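K.L.:
Pasting the sequence and the predicted model now:
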Amino acid sequence: GYDVKPEGGALLLNEDEAQRVRAIFALYREYGSLIPVIEELDRRGWRMKQWVTRKGKLAGGKAFTKNRLYNLLTNVIYTGRVEHQGKIYPGEHPQIVDIETWNQVQQKLNAHGRRGRREYRNKYGAILKGILRCATCDAGMVHSYTRKGPRLYRYYVCVKAHQRGWSQCETKSVPAPDIEQAVVEQIRAVGRSPALLEEVLSQLEDRREKRSEALEREQRQLDRDLRSLTAEMSGLAPLAAGEDASTQVVSDRLADLHSKVGGIETRLAEIRARLSALDGDGLSREEVRSALSNFDCLWRQMTPREQERFVRTLVEQVRYNGTTGEVVVGFRSAGIRELCRSQGDGGE
């Protein structure tokens, strides 16, 4: 709705954008809900404000989501006012939205409980919270619930569908008990099926090798950088003993090189420690099979919160495809190794 004055500071009215802002407020007054407004904005091809940065790069221009639309609808600047330290003051820029329209929109937003809160804590034992992703659009899936009378219905919903409308994702949502049970069954099956056990171990080994290769590449590059910096320091050291004006420049450069060398040496030590840990990540088939053979007994003894921690320890990511019903579980080698160790020690 506004452009910044070239000299900086003042806001100038952009009439084309201002008309869109007024239309968006009118749409929310009509629909009374964020998602239908987003769907209408998508239909019209309207997106967030786009501008060119001082470096000549395009910024903004993203599609509307619930959070972005909510932020626009609650931005007091469109009323010709500004907010400072929780108080509202008259501004020096033109008004786009009248106060009556603004107040009506705020009342509707408050009535729907949309206050920009963070997600509630994991009160209902959502064991896949933070690790479940929608395979059809590669977005996270968040846990939610609804009540009908005394009954509570839990489900996971794709973030894209949640933020931009139900029509934006083929998977949309899945009942929480169904997907959670499917994941638990896959964990249980690893200890029973030789073929699945082989697949999981192969998956873990591939991931271990890729991480090792990435760390080794970084290590080689840092070794080259370290040799280059050390050579430069050796060449500058004799020059630092002089007394002319350039001596301070040389000393400053040496101090900078010392700092960089220290940072590289610290990172190299971290890489060596991680590579050593990865070398010890190998797991035998019998170790994993034995540890997971007691899964049912362990699972029944756990509280919901313990079950959540247990799954997050073993599983790195779960991908769910709502169009095919496929559930793919990616395991953590460190988590399985810890389970093997605890079972070998007789548990706690």
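P.N.:
Alright, I've got the coordinates.
K.L.:
For the protein, which residue occupies the most central location?
P.N.:
Gly140 (8.1 Å; CA atoms, centre = their mean).
K.L.:
Report pLDDT for that residue.
P.N.:
With respect to pLDDT, Gly140 scores 87.
K.L.:
what is it paired to in the beta sheet?
P.N.:
Arg133 (DSSP bridges).
K.L.:
Just list the residues touching it, thanks.
P.N.:
Counting by CB atoms under 8 Å, 6 or more residues apart in numbering, Gly140 touches Gly130, Leu132, Arg133, Cys134, Cys158, Val159. Every C-beta, even on glycine, is put in place using the N, C-alpha and C of the backbone.
K.L.:
for Ile96, same thing?
P.N.:
Neighbours of Ile96 in contact, by CB under 8 Å, 6+ apart: Gly1, Leu13, Ala18, Val21, Arg22, Tyr78, Thr79, Gly80.
K.L.:
List only those of these flagged as buried.
P.N.:
Among the contacts of Ile96, those scoring as buried are Gly1, Ala18, Val21, Arg22, Tyr78, Thr79, Gly80 (criterion: 16 or more other CB atoms under 10 Å).
K.L.:
hang on, the first one packs against Gly80?
P.N.:
No: contact status for Gly1 versus Gly80: not in contact, 10.9 Å apart, counting by CB atoms under 8 Å.
K.L.:
Helices along this protein, start to end?
P.N.:
Per DSSP state H, the chain carries helices over the ranges 15-31, 34-44, 66-73, 99-111, 159-164, 176-190, 194-236, 246-279, 285-293, 295-301, 304-314, 333-344.
K.L.:
closest to Gly125 out of those helices?
P.N.:
When the helices of the chain are compared by CB to CB, helix 304-314 sits nearest Gly125, at 3.1 Å.
K.L.:
angle of that closest one against helix 176-190?
P.N.:
Using axes from the mean of the first three to the mean of the last three CA atoms, to 10 degrees, the direction of helix 304-314 lies 50 degrees away from that of helix 176-190.
K.L.:
And helix 304-314, what does it pack against?
P.N.:
Judged by 3 or more CB pairs under 8 Å, 6 or more residues apart in numbering; DSSP states H and E, helix 304-314 is in contact with helix 176-190, helix 295-301, helix 333-344.
K.L.:
what packs against the first one?
P.N.:
In terms of contacts (3+ CB pairs under 8 Å, 6+ apart), helix 176-190 is packed against strand 151-158, helix 194-236, helix 285-293, helix 295-301, helix 304-314, strand 315-321, strand 326-331.
K.L.:
who touches the residue lying closest to Leu268 once chain neighbours are set aside in this structure?
P.N.:
Closest residue to Leu268 apart from its sequence neighbours, by CB to CB, 6 or more residues apart in numbering: Leu222 at 5.5 Å. Contacts for Leu222 (CB under 8 Å, 6+ apart) come out as Ile264, Arg267, Leu268, Ile271.
K.L.:
go on, Val157?
P.N.:
So Val157 contacts Met141, Val142, Ser144, Lys172, Ser173 (CB under 8 Å, 6+ apart).
K.L.:
State the pLDDT value of it.
P.N.:
At Val157, pLDDT is 91.
K.L.:
Quick check: beta-bridge partners of it?
P.N.:
Val142, Ser173.
K.L.:
picking that back up, so which of the helices and strands packed on helix 176-190 is nearest Leu72?
P.N.:
strand 151-158 (23.0 Å).
K.L.:
In the closest one, which residues are buried?
P.N.:
Result for strand 151-158 [16+ other CB under 10 Å]: buried residues Tyr155, Tyr156, Val157, Cys158.
K.L.:
and these as a markdown table, adding distance to His258?
P.N.:
Formatted as a markdown table, the buried residues of strand 151-158 follow (distance: CB to CB, whole Å):
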| residue | distance to His258 |
| --- | --- |
| Tyr155 | 56 |
| Tyr156 | 51 |
| Val157 | 53 |
| Cys158 | 50 |
